[in-house]
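S.K.: give me a 3D structure for the following:
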Amino acid sequence: MAALSIGKAWEESLAFIKREGSLLFPVALLFLSVPMAVLQLMIPPDYMQMAPGQTLASLPPLPGTVKVAMIVAGIVMLIGSLAVYALALRPGISVAEAIRLAIGRLPVVLGASLLVGVALMFVLFGAAMIGGLLSVVTGKGGGVVLAAVAMLAAMLYVSARMLPLSALVIDRRPGVVAALRETLSLTRGQAGRLAAFILVSLILILVVQIAVQSVFGIVGTLLLGQEGGRSISNIAVALAAGAVNVYLMVFTARIYRQLEAAA
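M.R.: Below is the predicted model of the structure:
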């Protein structure tokens, strides 16, 4: 099996975005940044800035409109992500064609994600149960810590094995079960490199979010007050997240092409 070259994937991604950015970024703005910004503005401030030690159970329930908006925003953002994958994997495709393809493949991605989520839920539940039993037997909290580490490792492993799922669904147009089987086949033996890519991506997103939120939050608060600063910060974070996700999705598409060629 050929080694996965992250450096090559990154170089190809930069070249592609430089060439096709005029198509990619408007799609990301409309389908990723706008829904994220609207949703952030709708969510009550208590949920966005929880105090240390505060839990979701202690907060008032979310309004029904916000819950509906979360579902709608999630679907719109998923369509946008699939459209970006279509643009990245199918040279010459128009934005309209990419969006239609994304909508047509949406049920497969949702179905596959649901199956993966259910399987992962059972694994996490099992790890939590084992950790709890170990803590009871030993009388120490080490079992809980071990269970938490196992759960995080399981989530990272599954995320790595499923990384090219959306790209594969857009490119090959398989059914739900076939998509899962083919994705697992592509990522066999590559979980370590893909997990490292996911961790770096998460750190990058976190750093960008903190930096943008801090800068625009301070400036917005000075100019428009606390509420205005919060709104400006949320909009800026949504715009930055959309741009970063374009790079990450094109990067993932290039990784998928390498895995496909090596299969």
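
S.K.: give me the most central residue, this structure.
M.R.: Using Cα atoms, centre = their mean, the residue of the chain that lies closest to the mean C-alpha position is N245, 8.3 Å off.

S.K.: to which secondary structure element is that one assigned?
M.R.: helix 191-262 (DSSP states H and E).

S.K.: what is that helix packed up against?
M.R.: Packing contacts for helix 191-262, counted by 3 or more Cβ pairs under 8 Å, 6 or more residues apart in numbering; DSSP states H and E, involve helix 6-28, helix 34-42, helix 45-48, helix 64-89, helix 142-161, helix 165-172, helix 176-186. Where you see a C-beta, it was placed from the backbone N, CA and C, and this is true even at glycine.

S.K.: what is the neighbour count of L24?
M.R.: 24 (other Cβ atoms under 10 Å).

S.K.: so who does it touch?
M.R.: 17, 84, 87-88, 246, 250 (Cβ atoms under 8 Å, 6 or more residues apart in numbering).

S.K.: picking that back up, what about the helix holding N245, distance to the chain center?
M.R.: 10 Å (Cα atoms, centre = their mean, to the nearest Å).

S.K.: over to stretch 153-173?
M.R.: 11 Å.

S.K.: quick one: find the helix or strand in this structure with the lowest mean pLDDT.
M.R.: None of the helices or strands of the chain scores lower by mean pLDDT, DSSP states H and E than helix 45-48, at a mean of 66.

S.K.: out of the helices and strands packed on helix 191-262, which is the most enclosed?
M.R.: Across the helices and strands packed on helix 191-262, averaging neighbours per residue (mean count of other Cβ atoms under 10 Å) puts helix 165-172 on top, at a mean of 24.

S.K.: neighbouring contacts of it?
M.R.: With Cβ under 8 Å, 6+ apart, helix 165-172 has contacts from 81-82, 85-86, 88-90, 101-102, 105, 108-109, 112-113, 174, 179-180, 182-183, 186, 252-253, 256, 260.

S.K.: one more: stretch 79-88?
M.R.: By Cβ under 8 Å, 6+ apart, the surrounding residues in contact with stretch 79-88 are 16, 20, 23-24, 27-28, 30-32, 35, 93, 95, 97-99, 101-103, 105-106, 109, 166-167, 169-171, 245-246, 249-250, 252-254.

S.K.: still on that earlier bit, would you confirm that the residue nearest to the centre of the chain contacts F31?
M.R.: No - applying Cβ atoms under 8 Å, one finds N245 not in contact with F31, separated by 10.2 Å.
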